[in-house]
Structure formats: C-alpha cells, structure tokens
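Asks: Turn this into a model:
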Amino acid sequence: MNCTQEDILESTADHIRNLLAGDSSGHDWHHIERVWKTAVTIGRGESADLFVVQLAALLHDIADWKFHGGDEEAGPRAARAWMDRFGIDEPTIEHVCDIIASLSFKGAGVATPMCTIEGQCVQDADRLDAIGAVGIGRAFAYGGHKGRAMYDPAVPPTPHDSFGAYKKNAGPTLNHFYEKLLLLKDRMNTSVGRQLAAERHRFMEQFLEQFLAEWNGQR
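Replies: Okay, here's the model as predicted:
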C-alpha cells in the first residue's frame, strides 16, 4: 500500500477512535488523543522522530493487557498487524512495538526504562494523563469499571515488587494513588514531562488531603 505518513496517521487515528468507542474505563479515544497531542508537544522539544512518536502514541492502547487477560504481548502484536498493512519499514515497526511493550508502569519496585527519546516522549505523555485532575477521574472510572471500592481503610496500599503482583492487584482505587500515581512525577524522562508532572502531582496531593478529611468527617 502506497501511503504517506500523514495518510497512515489519519487511518490509524480513525481505527483507534472506532476501536475504543464506548469505552468507560478511562482508556477511551479521548485518552489516546490527549496522549497523542502531549507526546507531539514533548517530541518537538526533544527533536524526536514525530512519525514514530505519533504511531506509538496512537497505538499504545490498541490491545491493553488489562483488557486482554494480562497478555503483555497483545498490544505489540496488534500494533504490528496494523502497521504491516501499510508496508511500514521493519525498523519503524520494531521501534513502535518496543515502545508499546515497554511503556506501562509495572509496579513500584519495577524499573521501566525507555531506551529511545521517542519512547520517552510517549511514556511521559501517557503517565501525565494518569495524574492530575484527569488522572483522578480516570482512576475512579477504571475502579468503577472493575467493581472496586473507592477506599477501604482496612486494606493498605501494596508497593508491588513484580509485574505479576501488580497485575493481580484488586485493591481499592485510593490505594492506586500510593501504589502508582504519586510515584510517576519522579519517573518522568523529559524536562517538559517533569514540569507538567510537578503541577499535577501537587493537585493530587491536595485531592487526597481533602478526600481523607471528608472521609473521616473532618471537613
């Protein structure tokens, strides 16, 4: 198939928009679109290959392990199948698939290094969408989708030391802030990512203070 990069990106955006229509877990098209836009903004400042950045951002949740029985290879496999139809060169396909495979947070005790600047841009953009006001909304949307309690003081947060343990987690949504969301600020790769994360992190801290005060009848 003889397509320009612009054609490929437009077709990919349309495909993902249709694929994720109706999602209520916080992993919908609007999440993808925000990550896409933020990744491009970061990528421009980092002189990254914007074609790779955009493909990886658009395809990063094409088959999220959380919705595919914990299969970590589902995303890269689906992304490759999609890119193959356009005749994209193998190094680009490999690069995008590597980014998707390495993107996710895998537990407080698990390092998730991203080897290329393109991957770092997409990883930062995805993590930025997990924190701040939107991140709070997405956390509770996902918790509701999975039937989890908002908060249970009797169930403490768990700092997972392996991806397997993290995948099995089914604790209350508020625990997720301590197990993941509050850790993301210090895991940003780029200067723009760190700058944006600092403000969103402060907002989450304020939210948690207010939430716990209300929960305990103090406000």
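Asks: Looking at the longest helix seen in the chain now, give me its mean pLDDT.
Replies: Assignment by DSSP state H gives helix 191-215 as the longest helix of the chain. Helix 191-215 carries an average pLDDT of 97.
Asks: Any idea how far that helix is from the middle of the chain?
Replies: 17 Å (Cα atoms, centre = their mean, to the nearest Å).
Asks: same for that helix, what does it pack against?
Replies: helix 29-45, helix 117-128, helix 132-145, helix 173-179 (3 or more Cβ pairs under 8 Å, 6 or more residues apart in numbering; DSSP states H and E). (Glycine included, C-beta is placed from N, CA and C.)
Asks: Output the last one in CSV, but only the C-alpha positions, please.
Replies: The one in question is helix 173-179. Coordinates of each C-alpha in helix 173-179 appear next as CSV, following Å, rounded to 0.1, in the frame of the first residue of the first chain:
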residue,chain,number,x,y,z
THR,A,173,-9.0,2.8,43.9
LEU,A,174,-7.4,5.2,46.5
ASN,A,175,-4.6,2.7,47.0
HIS,A,176,-3.7,3.1,43.4
PHE,A,177,-2.5,6.7,44.2
TYR,A,178,0.1,5.4,46.6
GLU,A,179,1.0,2.3,44.5
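Asks: Now do the same for that helix: mean pLDDT, whole number.
Replies: 97.
Asks: who's in contact with it?
Replies: Here helix 173-179 makes contact (Cβ atoms under 8 Å, 6 or more residues apart in numbering) with 108, 139-140, 142-143, 148-151, 155-160, 166, 169, 171, 204, 208, 211.
Asks: What helix or strand is I93 located in?
Replies: helix 90-102 (DSSP states H and E).
Asks: one step back: buried ones among the contacts of helix 173-179?
Replies: 108, 139-140, 142-143, 148, 151, 157, 160, 166, 171, 204, 208, 211 (16 or more other Cβ atoms under 10 Å).
Asks: residues in contact with the one residue sitting closest to the centre of the chain?
Replies: Compute the mean C-alpha point of the chain, and by Cα atoms, centre = their mean the closest residue is D126, 3.8 Å away. Residues near D126 by Cβ under 8 Å, 6+ apart: 35, 39, 57, 60, 103.
Asks: now do 6 Å
Replies: When contacts are counted by Cβ atoms under 6 Å, 6 or more residues apart in numbering, D126 touches V35.
Asks: just I32 next, same as before
Replies: I16 are the contacts of I32 under Cβ under 6 Å, 6+ apart.
Asks: State the distance from the residue lying closest to Q123 once chain neighbours are set aside to K167.
Replies: Distances taken as Cβ to Cβ, 6 or more residues apart in numbering put M114 closest to Q123, at 5.0 Å, once the chain neighbours are dropped. As defined by Cβ to Cβ, to the nearest Å, M114 lies at a distance of 20 Å from K167.
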